[in-house]
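>>> Next comes the sequence, and after it the predicted model I'd like to discuss.
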2 protein chains.
Amino acid sequence: MTEDTKPRAFGFRPLYLQVRESLVRRLIDGSWQPGQLIPSEMELARELGISQGTVRKALDVMRAENLLISRQGRGTRVAEPEESRILFQFFHLVPDNGERSFPNSRVLHRDRARASKAEAEGLNTEAGAEVWRIERVRTLEDAKPLLIETITLPAARFPEFEALAAIPNNVYRLYSQTWGITIGGASEALKAISASAEDARVLGCAPGTPLLEISRTAFDLAQAPVELRVSRCLTEQAHYRADLR
Amino acid sequence: MTEDTKPRAFGFRPLYLQVRESLVRRLIDGSWQPGQLIPSEMELARELGISQGTVRKALDVMRAENLLISRQGRGTRVAEPEESRILFQFFHLVPDNGERSFPNSRVLHRDRARASKAEAEGLNTEAGAEVWRIERVRTLEDAKPLLIETITLPAARFPEFEALAAIPNNVYRLYSQTWGITIGGASEALKAISASAEDARVLGCAPGTPLLEISRTAFDLAQAPVELRVSRCLTEQAHYRADLR
DNA sequence: TGACCTATATCTTATATAAGACATTAAATG
DNA sequence: CATTTAATGTCTTATATAAGATATAGGTCA
């Protein structure tokens, strides 16, 4: 047996991880759309020329990454940026007493501008690149303002952004439906700061009130930064919840 | 075929999760100690009367939970509360520029007291139960104070605590080695507050400086609360890092 | 002889494939 | 509309191979 039947090269990763990568590409290039039912494990196995068990292992990883959702007897489908899941995954502010609920939003500004140095660095673009900036106030159930946040988007990746009539509450679903951009993860940096005069006016608190500043960089499925977001939050009746396991 | 050969009762969970639970119990009751090499997958499969693949699936889950560590050819051992892992898992404050490093500690007080109402609630004990309170200051590489924190422990679970000569930097390893208590997870609530006069004195900042307050409840492997910890952190040169995937 | 090296055997986990059992859904049937 | 049946998917078991880690036997050389 002189020939290599198995593709066992040198530093290669296991087959199931290669399969995962190949399947993630289908999500990135949009050939598999959110909500869509993907082929059964047997079909994928036949198509890729591997066993069903290996396909399963790749799907297991993708399920753990919240990219797929399987239900027994029903099939496996591409995860959608669904309200409650997004809420659970990305919105970590919860009222001190009571359940987590859906925040509402009111847009204050929407401007086209040139990226600051920090923004360009965070978005991995050139300094001075065009960006959109959205500033909005968010509230929980009660109408009392909870936070004020600034979202920065690279204009290059969001063409015809100006045509939007309104900016919905759940922008990640908007990114997905309008531009085919799926947010796959994010990195947040939290600091305590003092409310500026402007913050205080919008949030209805005293200037100098301690605020929780959340600086988020959100990434697409290819791990490229897509959105910057700085939120300044009142934490007198709410807190940022992190579970460490 | 009228008899049920398989134990397939009604709302039962999959076999591999039952196996996981049974193995976690060995960690809880101490029959498997941290650092110890556990039986091979084949041995466990024989002992439990199931296949090696199912044992593997249970171990997969436990590895993902940071309870076990496997290395090919070497075996599987119970995870130890090792410095860098604890740091990565539980200590989320990192310098704004630079690598995460090991914080140092200086103990200010160590007192026996009676639990406040909030403490009793958080620790799931009766109000007025005996607790230990440790207050300490932590610094990063530079000697500049980073945070001041208060740790509250239920005296009932930490007998002869008073005999301790010193309190080490890594208390979770202390809990494990001295009382056999393994911290398996924690829940943190973050708020922005103002530095009190006392905080300011210890941290070397102005009174009223915004601080990041981290209120942590740490749980043992049986999901019972074991430790309360409130940290008040300067975030001028550091931030709390959270990665959402 | 004693120290050291090396090839080999053996144990363990990691990866891959295959097949039967069980669960759920949806279509077909009366 | 209720029941049955078929299709699809997941769960569990079984088996085989690959590769890392370690112990051991045997040989070489100072």
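Perfect, I can see it now.
>>> Show me which residues of chain A are close to DNA strand D?
A:6, A:8, A:37, A:39-43, A:52-53, A:56, A:59, A:70, A:72-76 (C-beta under 7 Å from any atom of the strand). Any C-beta I mention is one placed from the backbone N, CA and C, and that applies to glycine too.
>>> Which parts of chain A belong to which domain?
What automatic domain parsing lists as the domains of chain A is A:15-78, A:83-240.
>>> Please identify the one among these that comes closest to DNA strand C.
In terms of C-beta to the nearest atom of the strand, the element of those nearest to DNA strand C is domain A:15-78, at 2.4 Å.
>>> got the end-to-end distance for the closest one?
Terminal residues of domain A:15-78 are spaced 22 Å apart (C-alpha to C-alpha, to the nearest Å).
>>> and if you look at stretch A:22-42?
Taking C-alpha to C-alpha, stretch A:22-42 runs 16 Å from one end to the other.
>>> what's the average pLDDT for it?
Per-region confidence: stretch A:22-42 scores 90 on mean pLDDT.
>>> Output the below-cut-off pLDDT ranges for chain A.
Scanning chain A for pLDDT under 70 picks out A:1-13.
>>> Which one of the residues in it is closest to DNA strand D?
Closest point on chain A to DNA strand D, by C-beta to the nearest atom of the strand, is residue A:40, at 2.0 Å.
>>> Find the residue closest to that residue in space, skipping its chain neighbours.
residue A:75 (6.9 Å; C-beta to C-beta, 6 or more residues apart in numbering or on different chains).
>>> Name the residues linked to the one you found by a beta bridge.
Taking DSSP bridges as the rule, residue A:75 bridges to residue A:71.
>>> need the contact list for it.
A:37, A:38, A:40 (C-beta atoms under 8 Å, 6 or more residues apart in numbering or on different chains).
>>> of these, buried ones?
The neighbour-count test (16 or more other C-beta atoms under 10 Å in any protein chain shown) marks residue A:38 as buried among the contacts of residue A:75.
>>> what separates the spatially most central residue of chain A from residue A:157, distance-wise?
With distances taken as C-alpha atoms, centre = their mean, the residue of chain A nearest its centroid is residue A:183 (3.3 Å). Per C-beta to C-beta, to the nearest Å, residue A:183 is found 12 Å from residue A:157.
>>> which neighbours do the two share?
Contacts common to residue A:183 and residue A:157, judged by C-beta under 8 Å, 6+ apart, are residue A:226.
>>> what does the helix or strand harbouring residue A:22 contact?
Residue A:22 belongs to helix A:15-28 when assigned by DSSP states H and E. Applying C-beta under 8 Å, 6+ apart, the contact partners of helix A:15-28 are A:7, A:12, A:32, A:44, A:48, A:50, A:54-55, A:57-59, A:61-62, A:67, A:78, A:182, A:220-222.
>>> Show me which residues of that helix are buried.
For helix A:15-28, the buried set under the neighbour-count rule, 16+ other C-beta under 10 Å, comprises A:15, A:16, A:18, A:19, A:20, A:23, A:24, A:27, A:28.
>>> Then stretch A:194-208?
Applying a neighbour-count criterion of 16+ other C-beta under 10 Å, one finds A:194, A:195, A:199, A:200, A:202, A:203, A:205 buried in stretch A:194-208.
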